[in-house]
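1. give me a 3D structure for the following:
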Amino acid sequence: MARRESGAPRARFYQVGATPLPLVLARIAARVWVQGLRGCVVTGDAQGVRFWDELLWTTPEDAFLPHGPSPGPDLERQPILVAATADDTNAATVAIMAAPILLPEPERFDQVVEFVQGGHPAALYASRDRFRHYRELGCTMEYWVQTASGKWQKK
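-> Got it, this is the predicted structure:
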């Protein structure tokens, strides 16, 4: 466990609208790195690891995002780890959930970042279960909605 903050972990939900999810996730991962934090992109399976590993080499277009897939060499040195399950081998303090799965132990991280596909009723419904899960585990909850202009508004 690599927590840097005391207290309850923060669960941040981002309801994506105008910007494609891969670009939003890549920008958040880049922000984690720029802030000097370490993160783990949780993909849910090996195919997801390959997809996000390849995508993060080219996205965001205006920045280099150092990262590495798990399994792989030197995992503890990777600022952003891409793994099928939540992995803090690299001392990650932020879990970025690329797959809509529950993180059973959010207390291992300072922050859990979740995404909701706006305009997709099934995705919105499933996100409610994840929101409830984190709230019941005592996380500090935040919900952000992307406006039509691409800005984020806290709800």
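2. pLDDT at Gly17, what is it?
-> Here, the pLDDT recorded for Gly17 equals 89.
3. now swap in Ala122 and tell me
-> 87.
4. one more: Val82?
-> 97.
5. can you report phi and psi for Gly48?
-> Phi and psi for Gly48, reported as degrees, to the nearest 10, are phi -60, psi -40.
6. now do the contacts for it.
-> Neighbouring residues of Gly48 by C-beta atoms under 8 Å, 6 or more residues apart in numbering: Ala84, Ala98, Ala99. All C-beta spots, glycine's among them, are computed from the backbone N, C-alpha and C.
7. pretty sure the second one sits against Leu25.
-> Yes: Ala98 is in contact with Leu25 according to C-beta atoms under 8 Å; the separation is 6.0 Å.
8. ok, and what's touching the top helix by length along the chain?
-> As assigned by DSSP state H, the longest helix anywhere in the chain is helix 121-136. By C-beta under 8 Å, 6+ apart, the residues outside helix 121-136 that reach it are 11, 13, 15, 100, 102-103, 106, 112, 114, 116-118, 141, 143.
9. again with stretch 72-92
-> 1-2, 29, 32-33, 38-46, 48-49, 52-53, 56, 65-70, 95, 103, 105, 108-109.
10. from Pro121, how far out is the most centrally placed residue in the chain?
-> Geometric centre of the chain, nearest residue: Ile96, 1.4 Å, by C-alpha atoms, centre = their mean. Noted for Ile96: a distance of 24 Å to Pro121, by C-beta to C-beta, to the nearest Å.
11. since that was my last question, I'll sign off now.
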